[in-house]
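Student: One predicted model, sequence on top.
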Amino acid sequence: MAPGEVTLERATRRFGSVVAVDDLTLEVRGGEFLSLLGPSGCGKTTTLRMIAGFERPDEGRILIGGTDVTRLPAYRRPVNTVFQSYALFPHLSIVDNVAYGLKQRGSSRSDRRRTASQMLELVHLDGVERRRPRELSGGQQQRVALARALVMSPQVLLLDEPLGALDLRVRKALQIELKRIQSAVGITFVYVTHDQEEALAMSDRVAVMSHGRVEQLGAPQEIYDRPATPFVAQFIGDTNFIDVRGDRVAVRPERVRLTREGDGLEGAVVARMVIGPIVQCVVHLADGQEVVARAQRETGSGADGFVQGDRVRVSWAEDEALDLTGGKAA
């Protein structure tokens, strides 16, 4: 195996009677950005902690770069971890915070300061070397934590919801930065998040987890367009589940078509909302079901062409229904 490849082979971790990770097999490619995505309690953080060495699986194996590290302590594994809490040393300067691991490794003062300064430049924080953590914003402190982890040149960088404590605007900016940095350094990133937009925006592949298992592993577009299970279809994005002549059909709101005449299910618009560049209509069908339709504003078509109270026909193309059973759900 190449450096940075991570393999979990039938890994199981229990906490008393609770099975946090259940017979999990997962391969992370060397140099890729892979996100573990799922709701609270799905096992994603426990999986990350097993890779890091903070938890030991009750069953199964963990390999990094082809080496079995199942029983190796965390400090002997070629990984580093970035947490949601920055855990910076308040009494040290920024450059000394970043260089701390190199100091413990025995690097000379000049070497570690030069390397730490290069890493701060990578995360766009050159010029703040002499400041203390309290003098930086939350987003800047998270970049320092990232630089401190990367300066040790790990084969794998593990990130446990590192942007969760930041406000939306800063979080979105750092999503772009994280992807840029990962591409620049070429290190394997394993990223834990419950934010699906975050995972889909940054990742090469996404592992959607539920009840300690991976429901689906694939590229973001594949996960969104071709969910493998009803759980993935419901968890990723928004989905209409519609009963049609005894069949249950799953259709994304942006795939729903509204027309005044023609074929389709009869209904009425009960709500119209403008959400930035998007218009969303909620349609109450004749049989009591509700369907959400979305369209770009000012197109004059689809949801954008209707107001509350309008009678409509609801339809979708056959190939736009989501595939949940190996064939089209429609």
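Tutor: Received, thanks.

Student: Show me the residue at the heart of the protein, geometrically.
Tutor: Ala199 (2.3 Å; CA atoms, centre = their mean).

Student: check contacts around it.
Tutor: Neighbouring residues of Ala199 by CB atoms under 8 Å, 6 or more residues apart in numbering: 35, 37, 191, 193, 206, 220. Just so you know, the C-beta spots here come from the backbone N, C-alpha and C atoms, and that holds for glycine as well.

Student: Domain-wise, how is this protein divided?
Tutor: 6-231, 239-320 (automatic domain parsing).

Student: and those as CSV, adding mean pLDDT?
Tutor: Shown next, in CSV, are those (pLDDT from 0 to 100):
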stretch, mean pLDDT
domain 6-231, 94
domain 239-320, 90
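
Student: Quick check: buried residues in the helix or strand encompassing Arg180?
Tutor: Counting by DSSP states H and E, the element that carries Arg180 is helix 168-185. Neighbour counts over helix 168-185 (16 or more other CB atoms under 10 Å) mark 170-171, 174-175, 177-179, 181-182, 185 as buried.

Student: Which of these sits closest to Thr25?
Tutor: Taking CB to CB as the measure, Thr25 lies nearest Gln182 of these, at 24.2 Å.

Student: For the stretch 51-200 of the chain, which segments count as helices?
Tutor: 94-105, 109-122, 138-150, 168-185, 196-202 (DSSP state H, counting those that start in this stretch).

Student: what's the most buried one of those?
Tutor: helix 138-150 (a mean of 23; mean count of other CB atoms under 10 Å).

Student: Remind me what it packs against, helices and strands.
Tutor: If contacts are counted by 3 or more CB pairs under 8 Å, 6 or more residues apart in numbering; DSSP states H and E, helix 138-150 sits against strand 79-82, helix 94-105, helix 109-122, helix 168-185.

Student: Parallel or antiparallel, list what pairs with the first one.
Tutor: Within its sheet, strand 79-82 is paired with strand 156-160 (parallel), according to DSSP bridges.

Student: which outside residues touch the partner strand?
Tutor: With CB under 8 Å, 6+ apart as the criterion, strand 156-160 contacts 4, 6, 28, 45, 48, 51-52, 64, 78-84, 149-150, 178, 182, 187-192.

Student: Mark which of the residues you listed are buried, thanks.
Tutor: Buried among the contacts of strand 156-160 by 16+ other CB under 10 Å: 4, 6, 28, 45, 48, 51-52, 64, 78-82, 84, 149-150, 178, 182, 187-192.

Student: can I get the buried residues of helix 168-185 in a markdown table with distance to Gly305?
Tutor: Shown next, in a markdown table, are the buried residues of helix 168-185 (distance: CB to CB, whole Å):
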| residue | distance to Gly305 |
| --- | --- |
| Val170 | 37 |
| Arg171 | 34 |
| Leu174 | 38 |
| Gln175 | 34 |
| Glu177 | 39 |
| Leu178 | 39 |
| Lys179 | 37 |
| Ile181 | 44 |
| Gln182 | 42 |
| Val185 | 48 |
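
Student: thinking again about what came up before, could you tell me how far the helix holding Arg180 lies from the centre of the chain?
Tutor: Its chain's average C-alpha position is 13 Å from that of helix 168-185, according to CA atoms, centre = their mean, to the nearest Å.

Student: swap in stretch 201-211?
Tutor: The answer for stretch 201-211 is 5 Å, by CA atoms, centre = their mean.

Student: Show me which positions of it end up buried.
Tutor: Buried residues in stretch 201-211 (16+ other CB under 10 Å): 202-210.

Student: go on, stretch 11-22?
Tutor: So for stretch 11-22, counting by 16+ other CB under 10 Å, buried means 11-13, 19-21.

Student: List the contacts of Leu166.
Tutor: Here Leu166 is in contact with 138-139, 142, 174 (CB under 8 Å, 6+ apart).

Student: go again using 6 Å as the cut-off
Tutor: Neighbour list for Leu166: 138-139 [criterion: CB atoms under 6 Å, 6 or more residues apart in numbering].

Student: measure it to Ile187 for me?
Tutor: Per CB to CB, to the nearest Å, Leu166 is found 22 Å from Ile187.

Student: Equivalent analysis for Ala268, please.
Tutor: For Ala268, the distance to Ile187 - CB to CB - is 54 Å.

Student: Ser210 now?
Tutor: Taken as CB to CB, the span from Ser210 to Ile187 is 28 Å.

Student: Same question for Ala250.
Tutor: 37 Å.

Student: Equivalent analysis for Glu290, please.
Tutor: 46 Å.

Student: With Val292 instead?
Tutor: Separation of Val292 from Ile187 (CB to CB): 40 Å.

Student: now Asn97
Tutor: From Asn97 across to Ile187, the span is 20 Å (CB to CB).

Student: do the same with Gln140
Tutor: 21 Å.

Student: and the nearest residue to Leu265 once chain neighbours are set aside, backbone torsions?
Tutor: In space, and not counting its chain neighbours, Leu265 is closest to Val314: 4.5 Å by CB to CB, 6 or more residues apart in numbering. Main-chain torsions, Val314, degrees, to the nearest 10: phi -110, psi 130.
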